[in-house]
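The amino acid sequence is not available; the structure is as follows:
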C-alpha cells in the first residue's frame, strides 16, 4: 500500500513557520517570510484603494512594525493575518494624511440635457444615452459613479470622506449602482450596438 500524500502547508502555516524561525534567531528567514506574503499584502493594500506607491509604503511599514514587535505576537501562525491588518490600516492612515484631496465638488457634472449643436457633435450618441440613464439614478449613485468615472486612481478613503460613507461600502454601493445602470441601459434601444 502506498502512503497517502500529505497536503502541503498553507501560506499561513508557512508564514508562521518562517516567522517562528526568524524570532528564534534565524534572521535570514525574514526574507523568506517577505517573499511568501508580499503578494497577499499587495492584494490587501490594493483592495483598500491604495495607489501603488501607497501600497509599497504600507507594506514596508508593516514589515518594519513586525520586526519592532516580533516578540509581542504570541501565535506565529497568526503573523499573516496580523500583517494584513497592519497593511490595511496603514493604507487608510496614508490616505487620510495624503495632501491631495479629491472632493465631490471637483468632479465634472454630467453633460447638460440641452447641448448646443457643436457640443452635440462632439458628444457621441452613446455618451448621451449613458448620461441620460445616469441622471435617472439616485443622487448618491450619481455622485459615486461620477467620482469613480472621472478619477484616474480613485482614493477610496477620500471618496468615503467626501460622500460621507464608510470605505467598505463604496465597492458594494458602486456595484449596486452599476447594476441599476446596466438594467436601465439594457432596456434602451439607443444603447444597443
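Ah, there it is. Keep in mind that what you see is a predicted model, and the values were worked out from it rather than measured. Residues are numbered from 1 along each chain as shown.

From residue 135, how far out is residue 18?
Taken as CB to CB, to the nearest Å, the spacing of residue 18 relative to residue 135 amounts to 54 Å. For the C-beta atoms, the positions are set from N, CA and C on the backbone; glycine is no exception.

Between those two, which has more neighbouring residues?
For residue 18 and residue 135, the more surrounded residue by other CB atoms under 10 Å is residue 18, and the numbers stand at 23 against 11.

which stretches of the chain form helices?
When secondary structure is read from DSSP state H, the chain shows helices at 11-23, 29-47, 52-68, 79-97, 117-122, 125-134, 139-150, 156-163, 167-186.

The third one packs against which elements?
Helices and strands touching helix 52-68, as assessed by 3 or more CB pairs under 8 Å, 6 or more residues apart in numbering; DSSP states H and E, comprise helix 29-47, helix 79-97.

How is this structure divided into domains?
Residue ranges for the domains of the chain, per automatic domain parsing: 11-97, 104-186.

would you list those in CSV and tack on mean pLDDT?
Conversion of these to CSV gives the following (pLDDT from 0 to 100):
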stretch, mean pLDDT
domain 11-97, 89
domain 104-186, 74
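
Determine which stretch of those is the most buried.
Per residue and on average, the most neighbours among those fall to domain 11-97, with a mean of 17 (mean count of other CB atoms under 10 Å).

so how far is residue 29 from residue 20?
From residue 20 across to residue 29, the span is 8 Å (CB to CB).

I meant residue 52, not that one.
Here residue 52 is placed at a distance of 27 Å from residue 29 (CB to CB).

what does residue 168 give?
With distances taken as CB to CB, residue 168 is found 34 Å from residue 29.

Also residue 14?
The span separating residue 14 from residue 29 equals 11 Å under the rule CB to CB.

Out of the helices and strands packed on helix 52-68, flag the one nearest residue 185.
helix 29-47 (27.6 Å; CB to CB).

Report all helices and strands that that closest one contacts.
Packed against helix 29-47 by the contact rule (3+ CB pairs under 8 Å, 6+ apart) you find helix 11-23, helix 52-68, helix 79-97.

Okay, angle between it and helix 52-68 too, please.
The directions of helix 29-47 and helix 52-68 differ by 140 degrees, with axes from the mean of the first three to the mean of the last three CA atoms, to 10 degrees as the criterion.

from the chain's centre, how far out does helix 29-47 sit?
Between the centre of helix 29-47 and the centre of its host chain there is 16 Å, according to CA atoms, centre = their mean, to the nearest Å.

Show residues contacting stretch 179-192.
Contacts to stretch 179-192, defined as CB atoms under 8 Å, 6 or more residues apart in numbering, come from residues 125-126, 129-130, 133-134, 136-137, 141, 145.
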